[in-house]
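A.B. asks: mind folding the following:
(one chain, ligands or ions: 1)
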Amino acid sequence: PSLASARYGKDNVRVYKVQKDETTGVQTVTEMTVCCLLEGAIETSYTEADNSVVVATDSIKNTIYIKAKEHPVNPPELYASYLGQHFIDRYPHISTAHIKVVVHRWTRMTVDGAPHPHSFFRDGQETRNVEATVSRAGGIQLKSGIVGLTVLKSTGSAFHSFVRDEYTTLPETWDRILSTDVDCAWAWKPFAGTAAVLAGVERFDQAWESARDITMKTFALDESASVQNTMYKMCEQILEAVPESESASYSLPNKHYFEVDLSWHKGLKNTGKDAEVYAPQSGPNGLIKCEVVRS
Ligand SMILES: O=c1[nH]c(=O)c2nn[nH]c2[nH]1
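C.D. replies: Down below sits the predicted model:
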């Protein structure tokens, strides 16, 4: 037997960093969960119990904190790039660092109509994610994303004219609830190194805001013929809004809300155009995926 692939490191490293503006007293907080996995000339640690090539996962965890102290943690694309590049620069036998940064929401409180200088709340489980692959050969490949933004529209969604055969029971609908947990990503053109990532670094926050706005606006305004068609329209707009992106992708569960027929109870009308009370389903759910490239 031989080793086909190998990577190791530390996962679920929780990091918090505060930025204190001495002049205004305004404090800003960032909380993220980091995974850092290394690849390279590490085969003998698996095949021959040779630990001389192992940078301990505990040391990787220490490095995640040290780099969060030494470098900005925002935008997460920049922090992930600095962290990954460290391992390539410091350990000649490491060829690739795989970094995943999941940024959690701390939204500044508004108190008495004013933004509070040091108080925040978690407005949803939505996260801003970055995956960085930093390698000697390929430079810095970044993929940014939005995960866990749960949305629902109570109308403005249809699904009809699909295959009807001996396996089909689903009725056609011209008016349905549509709900999903957005998992959206856009992949950047490769960056030569951290200097290239830093140059024009505002691109990353701008892209995240654009992608988030495009997702919500398209979800709301599109008279959706299907999840498939609506998500394709979102991808087209992200590619247009983010010139340095090479692809855009979505993975969307279709979280079904079933009508509840109550006609057995005194003839209550609660189906079709009279439907008001529904049964939200935990599963099964549709799952619709796509990746769109420039052509
Ligand atoms: O938007 C939808 N796409 C589908 O492929 C599908 N299948 N059942 N319901 C569906 N809704």
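
A.B. asks: going forward, measure contacts between C-alpha atoms and count neighbours the same way
C.D. replies: OK.

A.B. asks: buried sites along whatever helix or strand R108 lives in?
C.D. replies: Using DSSP states H and E, R108 falls within strand 107-111. Going by neighbour count (16 or more other C-alpha atoms under 10 Å), the buried part of strand 107-111 is T107, R108, M109.

A.B. asks: with just CA atoms, put it into PDB.
C.D. replies: Provided in PDB are the C-alpha atoms of strand 107-111 (Å, rounded to 0.1, in the frame of the first residue of the first chain):
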ATOM      1  CA  THR A 107     -23.400  43.300  15.100                       C
ATOM      2  CA  ARG A 108     -23.000  46.600  16.900                       C
ATOM      3  CA  MET A 109     -25.900  47.400  19.200                       C
ATOM      4  CA  THR A 110     -27.900  50.600  18.700                       C
ATOM      5  CA  VAL A 111     -28.700  52.000  22.100                       C
END
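
A.B. asks: partner strands of that strand and their direction?
C.D. replies: Its sheet considered, strand 107-111 pairs with strand 114-121 (antiparallel) by DSSP bridges.

A.B. asks: what's the first helix or strand after the strand it pairs with?
C.D. replies: Next along from strand 114-121, by DSSP H and E: strand 127-135.

A.B. asks: neighbouring strands of that following strand in the sheet, and parallel or not?
C.D. replies: If you go by DSSP bridges, strand 127-135 pairs up with strand 94-104 (antiparallel), strand 139-153 (antiparallel).

A.B. asks: against I42, how distant is L142?
C.D. replies: L142 is 24 Å from I42, where distance means C-alpha to C-alpha, to the nearest Å.

A.B. asks: comparing those two, which shows the higher neighbour count?
C.D. replies: Using other C-alpha atoms under 10 Å as the criterion, L142 and I42 rank with L142 on top: 24 against 21.

A.B. asks: you'd agree that one is up against A185?
C.D. replies: No - the pair L142 / A185 is not scored as a contact, 10.3 Å apart, by C-alpha atoms under 8 Å.

A.B. asks: now the common contact residues for these two.
C.D. replies: Taking C-alpha atoms under 8 Å, 6 or more residues apart in numbering as the contact rule, L142 and A185 touch no residue in common.

A.B. asks: show me where the chain has strands.
C.D. replies: Ranges of strands within the chain are 8-20, 27-40, 94-104, 107-111, 114-121, 127-135, 139-153, 178-188, 245-254, 257-259, 278-280, 286-293, based on DSSP state E.

A.B. asks: for the longest one, what is the distance to the chain centroid?
C.D. replies: Its chain's C-alpha centre and that of strand 139-153 lie 3 Å apart, by C-alpha atoms, centre = their mean, to the nearest Å.

A.B. asks: ok, the fourth one next?
C.D. replies: Strand 107-111 has its C-alpha centroid displaced from the chain centroid by 24 Å (C-alpha atoms, centre = their mean).

A.B. asks: show me the contact partners of it.
C.D. replies: Contacts of strand 107-111 (C-alpha under 8 Å, 6+ apart): P115, H116, P117, H118, S119, F120, F121, R122, D123.

A.B. asks: what number of residues lie near the spatially closest residue to the fourth one that is not a sequence neighbour?
C.D. replies: Distance criterion C-alpha to C-alpha, 6 or more residues apart in numbering; nearest residue to H118, sequence neighbours excluded, is Q27 at 5.2 Å. Look at Q27: counted by other C-alpha under 10 Å, it has 15 neighbours.

A.B. asks: ok, Q27 - contacts?
C.D. replies: With contact taken as C-alpha under 8 Å, 6+ apart, Q27 is in contact with V18, Q19, K20, D21, P117, H118.

A.B. asks: pull up the gap between it and R203, please.
C.D. replies: In terms of C-alpha to C-alpha, Q27 sits 24 Å off from R203.

A.B. asks: what do you get for E22?
C.D. replies: Applying C-alpha to C-alpha, the value for E22 to R203 is 27 Å.

A.B. asks: and A56, by the same measure?
C.D. replies: In terms of C-alpha to C-alpha, A56 sits 34 Å off from R203.

A.B. asks: same deal with L83?
C.D. replies: Counting by C-alpha to C-alpha, the separation of L83 from R203 is 19 Å.

A.B. asks: with V147 instead?
C.D. replies: Distance from V147 to R203, counting by C-alpha to C-alpha: 19 Å.

A.B. asks: name the residue in these two with the higher neighbour count.
C.D. replies: Using other C-alpha under 10 Å as the criterion, V147 and R203 rank with V147 on top: 18 against 15.

A.B. asks: neighbours around the residue nearest to that one when sequence neighbours are not counted, how many?
C.D. replies: Closest residue to V147 apart from its sequence neighbours, by C-alpha to C-alpha, 6+ apart: D183 at 4.4 Å. Counted with other C-alpha under 10 Å, the neighbours of D183 add up to 20.
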